[in-house]
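Asker: pasted the sequence and its predicted model underneath.
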Amino acid sequence: MDKSSISARIEDIRKKYGSDLVILGHHYQADEVVEHVDIVGDSLELARRIPDIEARNIVFCGVFFMAESASLLARPGQRVFLPDHSADCAMARMAKAEDVEKVLEKLAASGRKVVPLAYVNSSLAVKAVVGRFGGAVCTSSNAKVMLEWAFKQGDAVLFLPDRNLGRNTAKQLGIPAEQQVEIDAAGKKLDSEEARNARLLLWPGCCPIHEQLMKPEMVTEFHKHFPGCRVLVHPECSPEVVDICDGSGSTAFLIKEAEKAAAAGTEPALCIGTEFHLVHRLMERYADRINIIPLAQATCHDMEKVDEPSLLATLERLESGEGVVTVDEALKAPARESLMRMLENCR
């Protein structure tokens, strides 16, 4: 079946189900998928929208941890589908629930109250561990608010799994570098004097796209070729990159800044460092008003696993229930608690 036939078939099924079907999509999805999506957003926006959706069938175009969260927040009787269950997240795989639990147990035994704060890019099992230890979830949009919240709950914070978002957010709050320590997943570094005195413990995880493919020299090169023009990046980039940029923020922030720059028309170019599908969409949207340039043409291969054919296959199997994302009953309450703490503090 060619692309036009697949697209037409998807739209036919959407019309057939009407209000009984809602398709959600993350900003990092390819254009061919986004064109069929009812609600597109970043992790925070999509999480906020779930409780208000009344459709029985929710199809989530994104990666597995996002669909897990959607399933957790969905109403009784609703079903959340993910077109490709192998669409995972490299960062989320860097923090295993059993390792996080062992580290938190060791920290608790030390007598200090260390509050875990999990970036939404983590498994539901990790979110459940975090919930049981009194912690919460955050996104790049609200990391500053939630890190402030976490510091008020105890003596220190364990931020996981993204060390870069942790360090970049800590800098916003004025937490000195000497009060931050990156630990290891086995918890061997917890016994050091440095770790015992740290206010912020950082899990050794990162997003390979943002850390490995976006380098300081790229920012320097852009500034050299486009003097006076800004480079804006996602805070999953390394602090070395963020520190020499003109701004950093969530996906929603980058979209808004591109919109404002295009409306103002005072900048000849704007460089954006994040996943390429989103940057390409912004490049095309504002092509007649501003030259938007990607810092790197970096795409998320897991996001790309959800494409038009897999979306169509999911829609054609809705009645059978194949592709539904289920949540372990034992994990539901603590994982939901960690998510709700975020949503309640960021209304």
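Answerer: Arrived safely.
Asker: which helix or strand lies directly C-terminal to the helix or strand bottoming out on mean pLDDT in the chain?
Answerer: Scoring the helices and strands of the chain by mean pLDDT, DSSP states H and E places helix 43-49 at the bottom, with a mean of 86. The first helix or strand that comes after helix 43-49 along the chain, using DSSP states H and E, is strand 57-61.
Asker: now that next one - C-alpha only, CSV.
Answerer: Taking C-alpha atoms only, strand 57-61 is exported to CSV below (Å, rounded to 0.1, in the frame of the first residue of the first chain):
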residue,chain,number,x,y,z
ASN,A,57,-9.5,4.5,22.6
ILE,A,58,-6.3,6.5,23.0
VAL,A,59,-3.5,5.9,20.5
PHE,A,60,-0.2,7.3,21.7
CYS,A,61,2.4,8.1,19.0
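Asker: direction included, what does that strand pair up with?
Answerer: strand 21-26 (parallel), strand 79-81 (parallel) (DSSP bridges).
Asker: ok, and what's touching it?
Answerer: The contact list for strand 57-61 (CB atoms under 8 Å, 6 or more residues apart in numbering) reads 17, 20-26, 29, 33-34, 37, 46, 50, 66-67, 70, 74, 78-83, 306, 311, 314-315, 318, 325. To be clear about C-beta, it is placed using only N, CA and C from the backbone, and glycine gets the same treatment.
Asker: so among those residues, which ones count as buried?
Answerer: Neighbour counting with 16 or more other CB atoms under 10 Å marks 17, 21-26, 29, 33-34, 37, 46, 50, 66-67, 70, 74, 78-83, 306, 311, 314-315, 318, 325 as buried within the contacts of strand 57-61.
Asker: show me the contacts for Tyr17.
Answerer: Counting by CB under 8 Å, 6+ apart, Tyr17 has contacts Ala55, Asn57, Leu318.
Asker: check the secondary structure at the last one for me.
Answerer: The one in question is Leu318. State at Leu318, reduced to three classes by DSSP: H, G, I helix; E, B strand; the rest coil: coil.
Asker: grab the nearest non-local neighbour of it.
Answerer: Distances taken as CB to CB, 6 or more residues apart in numbering put Asn57 closest to Leu318, at 5.5 Å, once the chain neighbours are dropped.
Asker: can you name the residues bridging to that neighbour?
Answerer: Beta-bridge partners, per DSSP bridges, of Asn57: Leu21, Arg79.
Asker: helix or strand: which one has Ala118?
Answerer: Using DSSP H and E, Ala118 sits in strand 114-119.
Asker: neighbouring strands - and their directions - for that strand?
Answerer: By DSSP bridges, strand 114-119 pairs with strand 136-138 (parallel), strand 156-160 (parallel).
Asker: tell me the contacts of Gly249?
Answerer: With CB under 8 Å, 6+ apart, Gly249 has these contacts: Ser140, Ser141, Leu232, His234, Pro235, Glu257.
Asker: hang on, I meant Lys215
Answerer: Contacts of Lys215 by CB under 8 Å, 6+ apart are Val241.
Asker: so how far is Ala108 from it?
Answerer: Going from Lys215 to Ala108 by CB to CB, to the nearest Å gives 39 Å.
Asker: kindly report the same for Ala264.
Answerer: For Ala264 relative to Ala108 (CB to CB), the value is 51 Å.
Asker: and Lys256, by the same measure?
Answerer: Distance of Lys256 to Ala108, given as CB to CB: 40 Å.
Asker: what do you get for Arg196?
Answerer: 14 Å.
Asker: next: Val126.
Answerer: Counting by CB to CB - Val126 and Ala108 are separated by 17 Å.
Asker: neighbour count: these two, which is higher?
Answerer: Shown here are Val126 and Ala108; by other CB atoms under 10 Å, Val126 has more neighbours (29 against 12).
Asker: list the residues that contact that one.
Answerer: Ala92, Ala95, Lys96, Ala97, Val100, Ala118, Leu160, Pro161 are the contacts of Val126 under CB under 8 Å, 6+ apart.
Asker: wait, the fourth one sits on Gly131?
Answerer: No: contact between Ala97 and Gly131 fails when scored by CB atoms under 8 Å: they sit 11.4 Å apart.
Asker: compare these two (neighbour count), which wins?
Answerer: Counted by other CB under 10 Å, Ala97 and Gly131 do not tie: Gly131 has more neighbours, with 24 against 17.
Asker: what about Leu117, neighbour count?
Answerer: 26.
Asker: and the one 10 residues further on, by the same measure?
Answerer: Applying other CB under 10 Å, we find 30 residues neighbouring Lys127.
Asker: might one say that it is in contact with Phe133?
Answerer: No: counting by CB under 8 Å, Lys127 stays clear of Phe133, with 11.1 Å between them.
Asker: could I get the full set of strands for the protein?
Answerer: For the chain, applying DSSP state E gives strands covering 21-26, 39-41, 57-61, 79-81, 114-119, 136-138, 156-160, 180-182, 200-202, 230-233, 247-248, 269-273, 291-294.
Asker: need those strands in a markdown table with mean pLDDT, can you?
Answerer: Below are these laid out as a markdown table (pLDDT from 0 to 100):
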| stretch | mean pLDDT |
| --- | --- |
| strand 21-26 | 96 |
| strand 39-41 | 94 |
| strand 57-61 | 97 |
| strand 79-81 | 96 |
| strand 114-119 | 98 |
| strand 136-138 | 97 |
| strand 156-160 | 98 |
| strand 180-182 | 97 |
| strand 200-202 | 98 |
| strand 230-233 | 98 |
| strand 247-248 | 97 |
| strand 269-273 | 96 |
| strand 291-294 | 96 |
